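Trainee: Requesting a structural model of the entry that follows:
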Amino acid sequence: MKANELYQQGRDRGRNGQYKEAFDDFTQAINLNPDFAEAYIYRSHARTLTGDKQGAVTDFQKAIDIYKARGRADIADMLLTPLQALKNEIEWGDE
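Mentor: This is a model prediction of the structure:
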């Protein structure tokens, strides 16, 4: 499968609550295309939903770095708010 097909399959699986399978699809898409920022974002969501919040932070940060490298600071800046919220959840716990 191509990276985009794996990404789409991961999104479908995520919508169906198959977060581990979605994570695997996004990981495969990233392995095929390491600059696939959108796959990092969705893998971050899958990680959050499976309890790997630190991994989710790492993926969010990678997506931000890719967008900045593409000259899309506008998109990178939009991702800073959910990234900070996730960091806060880790620091303060789920209360």
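Trainee: Now the longest helix belonging to the chain: buried residues?
Mentor: Longest helix of the chain, by residue count under DSSP state H: helix 73-92. For helix 73-92, burial by neighbour count (16 or more other C-beta atoms under 10 Å) applies to I75, A76, L79, L83, L86, K87. (Glycine included, C-beta is placed from N, CA and C.)
Trainee: go on, stretch 54-64?
Mentor: G55, A56, V57, D59, F60, Q61, K62, A63, I64.
Trainee: hmm, back to that, can I get the longest helix of the chain as PDB, trimmed to CA atoms?
Mentor: What follows is helix 73-92, C-alpha atoms only, in PDB (Å, rounded to 0.1, in the frame of the first residue of the first chain):
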ATOM      1  CA  ALA A  73       4.200  28.400  10.300                       C
ATOM      2  CA  ASP A  74       0.500  29.200  10.200                       C
ATOM      3  CA  ILE A  75      -0.400  25.500  10.500                       C
ATOM      4  CA  ALA A  76       2.400  24.900  12.900                       C
ATOM      5  CA  ASP A  77       1.100  27.700  15.200                       C
ATOM      6  CA  MET A  78      -2.400  26.300  15.100                       C
ATOM      7  CA  LEU A  79      -1.100  23.000  16.500                       C
ATOM      8  CA  LEU A  80       0.600  24.600  19.400                       C
ATOM      9  CA  THR A  81      -2.700  24.900  21.400                       C
ATOM     10  CA  PRO A  82      -3.600  21.200  21.300                       C
ATOM     11  CA  LEU A  83       0.100  20.400  22.000                       C
ATOM     12  CA  GLN A  84       0.100  22.500  25.100                       C
ATOM     13  CA  ALA A  85      -3.200  21.100  26.300                       C
ATOM     14  CA  LEU A  86      -1.700  17.600  25.900                       C
ATOM     15  CA  LYS A  87       1.400  18.600  27.800                       C
ATOM     16  CA  ASN A  88      -0.800  20.000  30.500                       C
ATOM     17  CA  GLU A  89      -2.700  16.800  30.800                       C
ATOM     18  CA  ILE A  90       0.500  14.900  31.300                       C
ATOM     19  CA  GLU A  91       1.800  17.400  33.800                       C
ATOM     20  CA  TRP A  92      -1.400  17.700  35.900                       C
END
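Trainee: No more questions from me, cheers.
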